[in-house]
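*Asks:* Return a 3D structure for these sequence lines:
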Amino acid sequence: MTDDNFEVLITQALATIPERFRNHMNNVGIVIEEEVRPGQAGELPIRDGEVLLGLYQGVPLTRRGPQYGMVLPDKITLFKTPIVAIGKAEGGIRELVRDTVWHEIGHHFGMDETRIRKAEQDRKHKHAAS
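*Replies:* You can find the predicted model right below:
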C-alpha cells in the first residue's frame, strides 16, 4: 500500500469523527511512519505480544491552560507496516486505520487507555446494532 493510499484512509477515518469533536481538535497533526523507532514508544506499557499501531505525543486538550501556546503541534503517528500486516489478516486495513485514528484522538482529548477502550467497545456495539 502506498503512502498516498494510506493517507486517503486516514482522511476517510477523520471524516467519521463526529463534527462536535473535529471542531475542537486543535494544534494536532497526523503523520505516517513505517514502523515504531526504538525508544519512540517511551514509557508506554506495551505487553508481550502487543503491537503498537499508533502513538499520541503532545499536550491533551484537558491539560491545556491559559498559558498554553508557542508549542509544536501534538502529533499522532500511525505505523503503516503493522496496520497493513494486521489489517490484511483481519480483513480490514480501512477499519484498523479508522480505529487507530479514533483511539489516538481520544488521547488528544485527554482520555486514558481505560476510557478509550470502553468508548471503543461502546462504539463498536452501537455500530453492530445499527
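*Asks:* for the lowest-mean-pLDDT helix or strand in the chain, which positions count as buried?
*Replies:* The weakest-scoring helix or strand in the chain, judged by mean pLDDT, DSSP states H and E, is helix 113-129 (a mean of 80). By 16 or more other CB atoms under 10 Å, the buried positions in helix 113-129 come out as Ile116. Bear in mind the C-beta positions are built from the backbone N, C-alpha and C, glycine included.
*Asks:* Then stretch 9-25?
*Replies:* Leu9, Ile10, Ala13.
*Asks:* quick one: which of those residues is nearest Gln57?
*Replies:* Closest approach to Gln57 among those (CB to CB): Ile10, at 16.7 Å.
*Asks:* before we move on, the earlier item: just to be sure, which of the buried residues of stretch 9-25 are found in helices?
*Replies:* Among the buried residues of stretch 9-25, the residues falling in helices (DSSP state H) are Leu9, Ile10, Ala13.
*Asks:* Out of the residues you listed, which comes closest to Asn23?
*Replies:* Checking those against Asn23 by CB to CB gives Ala13 as the nearest, at 16.8 Å.
*Asks:* and the gap between that closest one and Val97?
*Replies:* Applying CB to CB, to the nearest Å, the value for Ala13 to Val97 is 5 Å.
*Asks:* Please tell me how far Val84 sits from Ile116.
*Replies:* Val84 is 22 Å from Ile116, where distance means CB to CB.
*Asks:* now swap in Ile93 and tell me
*Replies:* For Ile93, the distance to Ile116 - CB to CB - is 21 Å.
*Asks:* Output the least confident helix or strand of the chain in CSV with nothing but the alpha carbons.
*Replies:* Provided in CSV are the C-alpha atoms of helix 113-129 (Å, rounded to 0.1, in the frame of the first residue of the first chain):
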residue,chain,number,x,y,z
GLU,A,113,-6.5,3.8,27.9
THR,A,114,-9.3,2.5,30.1
ARG,A,115,-11.8,5.2,28.9
ILE,A,116,-10.7,4.8,25.3
ARG,A,117,-11.1,1.0,25.4
LYS,A,118,-14.6,1.5,26.9
ALA,A,119,-15.6,4.1,24.3
GLU,A,120,-14.3,1.7,21.5
GLN,A,121,-16.4,-1.1,22.9
ASP,A,122,-19.5,1.2,23.1
ARG,A,123,-18.9,2.5,19.5
LYS,A,124,-18.5,-1.0,18.1
HIS,A,125,-21.5,-2.3,19.9
LYS,A,126,-23.6,0.7,18.7
HIS,A,127,-22.3,0.2,15.1
ALA,A,128,-23.1,-3.5,15.2
ALA,A,129,-26.6,-2.8,16.4
